[in-house]
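K.L.:
Dropping the sequence and predicted coords here.
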Amino acid sequence: MKPHIFWIKNPPKPFKPEEEYTYFKEYRNNIAANINLKFRIRRLLDNGHSKILMACLERYRQRKMKIKTLRDHLILRNIRLARSEANNFSNSNYGQSDITMDSMCGLIEAVDRFDPDRNCRFSSYALHWIRQSILRALFNNANPIRIPEHIANKIFYINRETRKYNNAHGRDPDTMELSSITNMPPAEIKDILELVHNINTVSTCDERDSVIDKTIHKIYTKQQVKLMLECLDDREKEILFRSFINSETLEDIGDSMDVSRERIRQLKKIGEDKIKNKFAESEDTIEL
């Protein structure tokens, strides 16, 4: 897809449902066929069948060109959706042309991932990827502070719900009202609002970075602790809490739970291993 295509004045209208399914189905079938053909070409290279190999290479080249043509057409027919969503972020400090390009990146990602056999329209599916691409760019480039993406998404969500509440009631919601609207714990909302306040009010760069880093670490730590505890059963939680927080001995814990000291040691080790594994998984999935 050539970049100048993104800026055409009158892009074609979106697909009708039956057209959309036909085009996406053909696109996915050609990709699957080319993957199978690639494996066949590799086998032919090993076996040395030159005539069949040349025919397969030609088919592969032609199908690859067809896939590119279908992909470009699918993107072109949905450019209106990406532009429309980009206009919803026109009030940000980020350049509108940059937002539009980021929305196009999200659209391309959606085209590459969409399965036509899903029970939804492509527009509904693509909207998620377009918004994610725009939000990622906004918080990475428009702000001087690098905020983790999962926290940035929550800030955007809270700000959006706050605007809706203000338009309906003529005032901003308090923490408890935001909690009921967003289904987020009041303490987490308080920490996120504190982070937004620090971004807007702290004057010097060094001081601002220090305060914001502490706030992000506070939010992240609470999320991590909650995530760690979810992997433990009630007995393992109790043993670890009494051992590390109350500093009780394994014998005392075993006597109160009517279990041997050795069994308490085993359960403590199981709980510690679960937490270590969970922490390793979260380090891979949450970006700081």
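P.N.:
Thanks, I have it.
K.L.:
list the contacts for the spatially closest residue to residue 33 that is not a sequence neighbour?
P.N.:
In space, and not counting its chain neighbours, residue 33 is closest to residue 63: 6.4 Å by CB to CB, 6 or more residues apart in numbering. Using the backbone N, CA and C atoms, a C-beta is placed for each residue, glycine as well. Listed by CB atoms under 8 Å, 6 or more residues apart in numbering, the contact set of residue 63 reads 30, 33, 34, 37.
K.L.:
Please name the two of the residues you listed that end up farthest apart in the structure.
P.N.:
Spatial extent of the contacts of residue 63 (CB to CB) is set by the pair 30 and 37 at 10.1 Å.
K.L.:
list the buried ones in stretch 88-106?
P.N.:
Using 16 or more other CB atoms under 10 Å as the test for burial, stretch 88-106 gives 89, 94, 98, 99, 100, 101, 102, 103, 104, 105, 106.
K.L.:
repeat for stretch 59-67
P.N.:
Quick answer for stretch 59-67 (16+ other CB under 10 Å): 60, 67.
K.L.:
what is the mean pLDDT for that stretch?
P.N.:
Averaged over stretch 59-67, pLDDT sits at 90.
K.L.:
and that stretch, how far out from the chain's middle?
P.N.:
The gap between where stretch 59-67 is centred and where its chain is centred comes out at 32 Å by CA atoms, centre = their mean, to the nearest Å.
K.L.:
ranges for the helices of the stretch 101-250 of the chain?
P.N.:
Counting by DSSP state H, counting those that start in this stretch, the stretch 101-250 of the chain has helices at residues 122-137, 149-169, 175-182, 186-201, 205-230, 234-240, 250-257.
K.L.:
quick one on the thing from earlier: any chance of JSON lines for the contacts of residue 63, columns neighbour count and secondary structure?
P.N.:
Listed next are those as JSON lines, based on neighbours: other CB atoms under 10 Å; DSSP: H, G, I helix; E, B strand; the rest coil:
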{"residue": "30", "neighbour count": "17", "secondary structure": "helix"}
{"residue": "33", "neighbour count": "14", "secondary structure": "helix"}
{"residue": "34", "neighbour count": "17", "secondary structure": "helix"}
{"residue": "37", "neighbour count": "16", "secondary structure": "helix"}
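K.L.:
List just the nearest of those to residue 193.
P.N.:
For those, the nearest to residue 193 is residue 30 (49.5 Å; CB to CB).
K.L.:
if you skip the residues just before and after it, what's nearest to residue 251?
P.N.:
Excluding the flanking residues, the one nearest residue 251 by CB to CB, 6+ apart is residue 261, at 5.0 Å.
K.L.:
Can you tell me the number of residues neighbouring that neighbour?
P.N.:
14 (other CB atoms under 10 Å).
K.L.:
now do residue 247
P.N.:
Neighbours around residue 247, by other CB under 10 Å: 8.
K.L.:
Same question for residue 162.
P.N.:
Neighbours of residue 162 (other CB under 10 Å): 17.
K.L.:
From the recorded domain assignment, give the ranges for this protein.
P.N.:
Domain ranges of the chain: 3-142, 231-288, per automatic domain parsing.
K.L.:
Out of those domains, which gets the lowest mean score?
P.N.:
domain 231-288 (a mean of 76).
K.L.:
how far out from the middle of the chain is that domain?
P.N.:
31 Å.
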